[in-house]
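# With the sequence up front, the predicted model follows.
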Amino acid sequence: MKVPLFNPSFPQDFIPLEGTSQDCTDCANAERLGFQFDYAYQPIVDLARHEVFAHEALVRGPNGEGAPTVLSQVNDLNRYRFDQACRVKAIKGASELGMQQPISINFLPNAIYKPEVCIRTTLEAARAHSFPIENIIFEVTEGERIEDGKWFASVLRHYRSCGFKTAIDDFGAGYAGLKLLSDFQPDIIKIDMDLVRNVDTSRARQAIVRSMVVLCQDMGIQVIAEGIESPQERDFLYDAGIHLMQGYLFARPAFKAVAALDPATLHASR
C-alpha cells in the first residue's frame, strides 16, 4: 500500500519540515511551539535479570507539571513540530543523564505525514547525542484513533527497518487491539494498567492476562505489564510469565533524572 504524502487531518496550508539539520535544531527548540516542556523518566524493570530493562520518557511541564498541562496545548497546527521536538528532547535528555539502557518515546501517529521524512529528525538527534539507534523504542498508545490501520502498520515497519524498536502501549484498552496485531507485530506490547490493577484477586483479569501472554509468545512479542503498585500484582504477573514490569512499586517517574530503585522490589516473592 502506498504511504500517503499528507495526513488528511493537517490544515491545507501546513508546511512540513524537510528533515534537514536546521529542521532538527528548530524542532529541538520548544519555544517555536509557543510553550515549554521537559521529561521525566520512569524505569521498566526486568525481574528475571534483576535490572533495569529500559526507561520510558514521560512528557512534563517545564517545572515538572503533569502531562495534561502540556498535551492540552497541542493542536493540529503544532502537532507535527511537537512530536518532532519530543523525540529530540527525550534523546538529548537520556544522553545527558548517561542512560545506557533503551529509552521508550511516545509518539503521535497522527503527526506523521511521511515516515521516511519524519524519521530524519530522530536519526539526526541520535547521531548528534551519540545515542544508539537500537536503544530507541517508539511507543504508541493503543487508544490513539488511527483511521488507516494498514498505513500506520507501514509506518511502524519503516521505523523497524531503520533499527528502532516498536511498542504498543495500553494494550487491551483502545481502538486498535487485535486488528493492529494482525497488520503488524510490534517488538513489545504493554498491558494496560486497568487489567493489571488487582489482577492477583480478579479471575477475569487473570484469564485475560494469561491469554495475552500466550498470544504474544506465539507471535514473538515481548510483554511489559505497567502500573504495578503492589507486591501481589508483581508476583502474580511474574508467575504468569511476565518478567518486564513498570510501576510505582519499583519507582516513580523522576523529573530530568534517573529514578532510584529499591533493589528489594526486583525480586518476586515466589
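Thanks, I have it. Numbering: from 1, shown residues only.
# Mind jotting down where the strands sit in the stretch 51-200 of the chain?
According to DSSP state E, counting those that start in this stretch, the stretch 51-200 of the chain carries its strands in the segments 51-60, 103-106, 136-141, 165-171, 188-191.
# export those strands to TSV and tack on distance to residue 68 and mean neighbour count?
From N, CA and C alone the C-beta is placed, and that goes for glycine too. As requested, the strands of the stretch 51-200 of the chain are exported to TSV (distance: least, CB to CB, whole Å; neighbours: other CB atoms under 10 Å):
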stretch	distance to residue 68	mean neighbour count
strand 51-60	10	22
strand 103-106	14	24
strand 136-141	14	23
strand 165-171	16	23
strand 188-191	20	26
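# JSON lines please, covering those and showing mean pLDDT and distance to residue 213.
Below are the strands of the stretch 51-200 of the chain laid out as JSON lines (pLDDT from 0 to 100; distance: least, CB to CB, whole Å):
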{"stretch": "strand 51-60", "mean pLDDT": "96", "distance to residue 213": "17"}
{"stretch": "strand 103-106", "mean pLDDT": "94", "distance to residue 213": "20"}
{"stretch": "strand 136-141", "mean pLDDT": "87", "distance to residue 213": "19"}
{"stretch": "strand 165-171", "mean pLDDT": "87", "distance to residue 213": "12"}
{"stretch": "strand 188-191", "mean pLDDT": "92", "distance to residue 213": "9"}
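# Quick one, which of the ones you listed gets closest to residue 37.
strand 51-60 (5.7 Å; CB to CB).
# elements contacting that closest one?
strand 38-46, helix 67-71, helix 79-96, strand 103-106 (3 or more CB pairs under 8 Å, 6 or more residues apart in numbering; DSSP states H and E).
# Poorly predicted segments of the stretch 1-150 of the chain, please.
By pLDDT under 70, the weakly predicted segments of the stretch 1-150 of the chain are 1-32, 109-118, 141-149.
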